[in-house]
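Engineer: A structural model of the following input is requested.
(chains A, B, C and D)
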Protein chains: 2
Amino acid sequence: MEAALKALAEPRRRAILELVADSEMTAGDIASHFDVSRPAISQHLTVLKGAGLVKERRNGTRRLYSVRPEGLSELREFLDSFWRKGLIRLKDAAEREERNKRGGRR
Amino acid sequence: MEAALKALAEPRRRAILELVADSEMTAGDIASHFDVSRPAISQHLTVLKGAGLVKERRNGTRRLYSVRPEGLSELREFLDSFWRKGLIRLKDAAEREERNKRGGRR
DNA sequence: CAGTAATTTAAGTTGACACTTACGTAAGCC
DNA sequence: GGCTTACGTAAGTGTCAACTTAAATTACTG
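Structural biologist: Below you'll find the model as predicted:
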């Protein structure tokens, strides 16, 4: 999850993910969508692959990249559980607040 | 969302979030849970606040921090939609694959 | 008002990381 | 076997961010 977060925190890598989310693409095709050098994209792809967010398939001299949604599951679960926990706390706090108001009025 | 991702990418900040997820805590209390200096924690709290993941309430010279779940919504929605999109692509790819197999067999 | 406690702000250091150019590698093509 | 195409890897550079210590700020307290 650590790796996924670090990978997603970089805007260019999110852009790459958006690209390969629609269809499998070669490294070169991906690179042509950006104004940085190909090695830079290659390095980003390595990071994304390391985080399990992308998978690579070789075909001759080409390397085809596509999204790997399972790579997001752990992070999604973390966020969901965290979000729920936070909401419960908010609700409890509101109720305590309400009790205090009532108690104070008496 | 950018800010939330950058904030979450740092392990110490996630740990801080876990702490204040259960109950409101002062900056000092939070800092005492880690082996870095208080200024370091203060800086992390500034980042978390900037990302909307935490809210600050002042009480005298104390500052009480608590989690702010709404700060996660945008990121959660992004991940969810992205995840769904990815799964659909996987399913489509599997179906195409299946059709190709059948076609090849005939 | 002087003193202290809780915390942030300032300034400087170090390490990580996104980038660059140059080179290496592996698969098709004449 | 050389040549080209499509990549990755190596090595170096600049920027940013997480940390440190020292100083400033803000509110309480006798």
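Engineer: any idea how far A:Leu19 lies from DNA strand D?
Structural biologist: As judged by CB to the nearest atom of the strand, to the nearest Å, A:Leu19 and DNA strand D stand 13 Å apart. For the C-beta atoms, the positions are set from N, CA and C on the backbone; glycine is no exception.
Engineer: Then A:Val54?
Structural biologist: For A:Val54, the distance to DNA strand D - CB to the nearest atom of the strand - is 10 Å.
Engineer: Likewise for A:Pro39?
Structural biologist: A:Pro39 is 3 Å from DNA strand D, by CB to the nearest atom of the strand.
Engineer: mind checking how far the helix or strand hosting that residue is from the chain centre?
Structural biologist: Following DSSP states H and E, one finds A:Pro39 within helix A:38-50. Put simply, helix A:38-50 sits 15 Å off its chain's centre (CA atoms, centre = their mean, to the nearest Å).
Engineer: again, but for stretch A:19-27
Structural biologist: 16 Å.
Engineer: Report the mean per-residue pLDDT for that stretch.
Structural biologist: For stretch A:19-27, the mean pLDDT works out to 96.
Engineer: buried set for it?
Structural biologist: The neighbour-count check on stretch A:19-27 (16 or more other CB atoms under 10 Å in any protein chain shown) flags A:Leu19, A:Val20, A:Ala21, A:Met25, A:Ala27 as buried.
Engineer: Tell me who's in contact with the third one.
Structural biologist: Counting by CB atoms under 8 Å, 6 or more residues apart in numbering or on different chains, A:Ala21 touches A:Val67, B:Phe82, B:Lys85, B:Gly86, B:Arg89.
Engineer: ok and the longest helix along chain A relative to helix B:73-105, angle-wise?
Structural biologist: Scanning chain A for the longest helix, with DSSP state H as the assignment, gives helix A:73-105. Here helix A:73-105 runs at an angle of 150 degrees relative to helix B:73-105 (axes from the mean of the first three to the mean of the last three CA atoms, to 10 degrees).
Engineer: Give the buried residues for helix A:73-105.
Structural biologist: In helix A:73-105, counting by 16+ other CB under 10 Å, buried: A:Leu75, A:Arg76, A:Leu79, A:Phe82, A:Trp83, A:Gly86, A:Arg89.
Engineer: Going by distance to B:Ala40, which of these wins?
Structural biologist: A:Phe82 (22.6 Å; CB to CB).
Engineer: about what we covered before: tell me which other helices or strands the longest helix of chain A touches.
Structural biologist: Counting contacts by 3 or more CB pairs under 8 Å, 6 or more residues apart in numbering or on different chains; DSSP states H and E, the secondary-structure elements packed against helix A:73-105 are helix A:2-8, helix B:11-22, strand B:62-67, helix B:73-105.
Engineer: okay, the first one in CSV with CA atoms only?
Structural biologist: Only the C-alpha atoms of helix A:2-8 are listed here, as CSV (Å, rounded to 0.1, in the frame of the first residue of the first chain):
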residue,chain,number,x,y,z
GLU,A,2,2.9,2.2,0.8
ALA,A,3,4.2,1.7,-2.7
ALA,A,4,0.8,2.3,-4.3
LEU,A,5,0.5,5.6,-2.4
LYS,A,6,4.0,6.8,-3.3
ALA,A,7,3.3,5.8,-6.9
LEU,A,8,0.0,7.7,-7.1
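Engineer: I'm done for today, thanks for sticking with me.
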